[in-house]
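Visitor: Sequence first, predicted coordinates after that:
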Amino acid sequence: MSRTAQRVSLFQESVIREMTRLVQQEGGINLAQGFPDFDPPQELLEAAQRALAEGYNQYAITWGDADFRAALAEKMERYQGVRYDPDRHLTVTCGATEAMMATMLATVNPGEEVVVFEPFYENYGPDAALSGARLRYVRLDLSRPDFPYDPRELERAFSRNTKAIVVNTPHNPTGKVFRREELEHIADLCRHYDALAVTDEVYEHILYDGAQHVSLASLPGMARWTVTISSMSKTYSVTGWRVGWAAVADEALAGAIRKAHDFLTVGAPAPLQRAGVVALGFGGAYYREMAASYQRRRDLLLSALQEVGFRPTVPQGAYYIMADFTGLSSEDDGTFARRLIREAGVATVPGSSFFHDSSSGRRYVRFAYPKREQTLQEAARRLRAWLRRPPVGKADRGGLAQGCRGTPSRAVERG
Ligand code: GLN
């Protein structure tokens, strides 16, 4: 008899975190896992230290510190345009990761279907496996600038067996920011099939070139059909704090999520929720400056990738770039990503991690750029040096597409 349960055999170890471990072993720059290599705002660090010193070291209320929920409701009204009752609608969780898991466990019965846009953030696969959900995939077109989906394909994915749709906007890994008309279409389908929307909005403030973030919950009547998930991690550069939330303007749904959350983790870190009150009170300038600094990082990495011969997608939000590497190598994505760590000292995530059938992601690697500009410049320098590196022998060329290495000008034209 197997000593492990069947449910954990349904998914693999996280490839994102595997790449992080690999680059830590080999040495190099981690553009794989999406977390900052810079500090959060000083004010936030001081608030956390104060909370520890002031004695916030025992459990907070299971569904979240009361002041944190009040500050969150206020911020969500200001930025999402949705009014939640902090006592009845909000649950503070250990990051958006737990919020998504608790929501799936609380709403989806085994065998029911959940629609997801593909490529998708790798957690949704294990979330579905653990809750018994069957995923239905709808393709985003990576060859077009705003990564559209085919409306008919989305309509075909919905049926009477659809329990929910996951909408991640801004989107990991493409950087797509769903347009209002797209969200209206999704909302119509949810109403028609009595399906829930579960949104992952952790990149809500990381937007480029004037892109606007629209919360599905803000569309007429959708606040009680939509579980809005987000977190402090990306917005305030505190991915290790594990403070996220799930918001839904329906007491029965929120109550079900709270029950799942209670027995998964009891609660999110109490002192860090206290510090979170300070973060949630930041003014508009904080968010504008953060978005502008990410736009500079995006542009820096985009031009380096084009110069080296990748064909990168241009994100409208979030902080990832999917880069087509077929101009550089005919290897599969996993082999190429591992070689890039070994030879160039730059870690990425193999594209197949974001697709249910790995062949669809075979030509991509994902670069994450929540990094200091000097880190990105160093990564660019390493990639250029790697490109110029004379191939030592046939084996070393590792399936390099003929004639591409050492022809950066051609690569730029292609980009
Ligand atoms: N969301 C981040 C990413 O896509 C971090 C993933 C993780 O390790 N939880 O890289």
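Guide: Everything's here; your move.

Visitor: Give me the nearest residue to residue 384, chain neighbours excluded.
Guide: In space, residue 384 comes closest to residue 308 once its chain neighbours are excluded; the distance is 6.3 Å by CB to CB, 6 or more residues apart in numbering. To be clear about C-beta, it is placed using only N, CA and C from the backbone, and glycine gets the same treatment.

Visitor: Remind me which helix or strand residue 78 belongs to.
Guide: With elements taken from DSSP states H and E, the one containing residue 78 is helix 66-79.

Visitor: Show me the strands paired with the helix or strand just after that helix, marking each as parallel or antiparallel.
Guide: Next helix or strand after helix 66-79 toward the C-terminus (DSSP H and E): strand 90-93. With DSSP bridges as the test, strand 90-93 is paired with strand 244-247 (antiparallel).

Visitor: now the very next helix or strand once past the partner strand: mean pLDDT?
Guide: Using DSSP H and E, the helix or strand that follows strand 244-247 in sequence is helix 251-265. For helix 251-265, the mean pLDDT works out to 98.

Visitor: Alpha carbons only: can I get helix 251-265 in PDB?
Guide: The C-alpha coordinates for helix 251-265 follow below in PDB (Å, rounded to 0.1, in the frame of the first residue of the first chain):
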ATOM      1  CA  GLU A 251     -22.400  36.300   4.300                       C
ATOM      2  CA  ALA A 252     -23.000  32.600   3.500                       C
ATOM      3  CA  LEU A 253     -20.100  32.400   1.100                       C
ATOM      4  CA  ALA A 254     -17.800  34.400   3.400                       C
ATOM      5  CA  GLY A 255     -18.800  32.200   6.300                       C
ATOM      6  CA  ALA A 256     -17.900  29.000   4.300                       C
ATOM      7  CA  ILE A 257     -14.500  30.500   3.400                       C
ATOM      8  CA  ARG A 258     -13.900  31.500   7.000                       C
ATOM      9  CA  LYS A 259     -14.600  27.900   8.200                       C
ATOM     10  CA  ALA A 260     -12.200  26.400   5.700                       C
ATOM     11  CA  HIS A 261      -9.600  29.100   6.600                       C
ATOM     12  CA  ASP A 262     -10.000  28.500  10.300                       C
ATOM     13  CA  PHE A 263      -9.100  24.900  10.100                       C
ATOM     14  CA  LEU A 264      -6.400  25.300   7.500                       C
ATOM     15  CA  THR A 265      -4.300  28.000   9.400                       C
END
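
Visitor: what comes into contact with the next helix or strand after that helix?
Guide: Going down the chain from helix 251-265, the next helix or strand is helix 270-280, by DSSP H and E. Helix 270-280 has contacts (CB atoms under 8 Å, 6 or more residues apart in numbering) with 41, 43-44, 47-48, 50-52, 54, 56-60, 64-65, 67-68, 71-72, 74-75, 92, 232, 235-236, 238, 241-243.

Visitor: Wait, the residue nearest to residue 384 touches residue 383, no?
Guide: Yes. Assessed by CB atoms under 8 Å, residue 308 is found in contact with residue 383 at 4.7 Å.

Visitor: picking up where we left off before, need the buried ones from the contacts of helix 270-280 selected in ChimeraX.
Guide: Selection of the buried residues among the contacts of helix 270-280 in ChimeraX, burial being defined by 16 or more other CB atoms under 10 Å:
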select :41,44,47,48,51,56,60,64,65,68,71,72,75,92,232,235,236,238,241,242,243
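
Visitor: Can stretch 235-255 be said to contact the ligand?
Guide: No. Stretch 235-255 is not in contact with the ligand by CB under 6 Å from any ligand atom; minimum separation 6.8 Å.

Visitor: And that stretch, end to end?
Guide: 27 Å (CA to CA, to the nearest Å).

Visitor: State the distance from the closest residue to the ligand within the stretch 301-415 of the chain to residue 294.
Guide: Going by CB to the nearest ligand atom, the ligand is nearest to residue 368 of the stretch 301-415 of the chain, at 5.6 Å. According to CB to CB, to the nearest Å, residue 368 stands 11 Å off from residue 294.

Visitor: can you list residues touching both of those two?
Guide: By CB under 8 Å, 6+ apart, residue 368 and residue 294 have these common neighbours: residue 319.

Visitor: What residues does the stretch 151-300 of the chain have near the ligand?
Guide: So far as CB under 6 Å from any ligand atom goes, the stretch 151-300 of the chain lies against the ligand at residue 172.

Visitor: And the strands in this structure, which stretches?
Guide: Assigned by DSSP state E, the strands in the chain fall at 29-30, 90-93, 113-118, 134-139, 162-168, 196-200, 226-231, 244-247, 311-312, 320-324, 346-347, 349-350, 364-368.
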